[in-house]
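Colleague: Predicted model follows, preceded by the sequence.
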Amino acid sequence: MTSRREILTLYKNLLTYVNNLKHSDKSYLKKRIQSTFKENKVSTDDDETTRLYKKGCEILRLKRFI
């Protein structure tokens with residue numbers, strides 16, 4: 001299970017990463033991140049939360065949005 005603190009840290013790190021991108025549509029990516037986190041804010045499915053958390057970590061690791 002992924003903790004609230006880990007998820008909030010991931011959220012902050014993703015937004016920071018987007019703000020540092022060059023030659024991209026920062027506003028689109030920022031809204032996409034915000035909407036995804038907002039949609040899943042009340043999710044009670046631990047498997048889904050873990051899957052999304054891993055996907056976010058993978059984006060940061062690869063430095064690439066899929």
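Modeller: Now that the structure is in, tell me what you want to look at.

Colleague: From now on I want contacts and neighbour counts done on CA atoms only, so please keep to that.
Modeller: Noted.

Colleague: Could I get the pLDDT score of Met1?
Modeller: On pLDDT, Met1 comes in at 78.

Colleague: so it touches Arg51, yeah?
Modeller: No: if you go by Cα atoms under 8 Å, Met1 and Arg51 don't touch, sitting 10.3 Å apart.

Colleague: Check the offset of stretch 38-55 from the chain's centre.
Modeller: Relative to the chain's own centre, stretch 38-55 is displaced by 10 Å; criterion: Cα atoms, centre = their mean, to the nearest Å.

Colleague: That one: end-to-end distance?
Modeller: 16 Å (Cα to Cα, to the nearest Å).

Colleague: what do you get for stretch 19-29?
Modeller: Span of stretch 19-29 from end to end, Cα to Cα: 9 Å.

Colleague: which other residues reach that stretch?
Modeller: By Cα atoms under 8 Å, 6 or more residues apart in numbering, the surrounding residues in contact with stretch 19-29 are Val18.

Colleague: ok, the residue nearest to Met1 when sequence neighbours are not counted - how many residues close by?
Modeller: Of all residues not flanking Met1 in the chain, Asp46 sits nearest, at 6.1 Å (Cα to Cα, 6 or more residues apart in numbering). By other Cα atoms under 10 Å, the residues close to Asp46 number 11.

Colleague: Let me know the pLDDT of Leu15.
Modeller: 97.

Colleague: The residue lying closest to it once chain neighbours are set aside is in what secondary structure piece?
Modeller: Spatially, and ignoring its direct neighbours in sequence, Leu15 is nearest to Lys30 (6.4 Å; Cα to Cα, 6+ apart). Lys30 is part of helix 26-39, with elements assigned from DSSP states H and E.

Colleague: Tell me the buried residues in that helix?
Modeller: Using 16 or more other Cα atoms under 10 Å as the test for burial, helix 26-39 gives Lys26, Leu29, Lys30, Ile33, Phe37.
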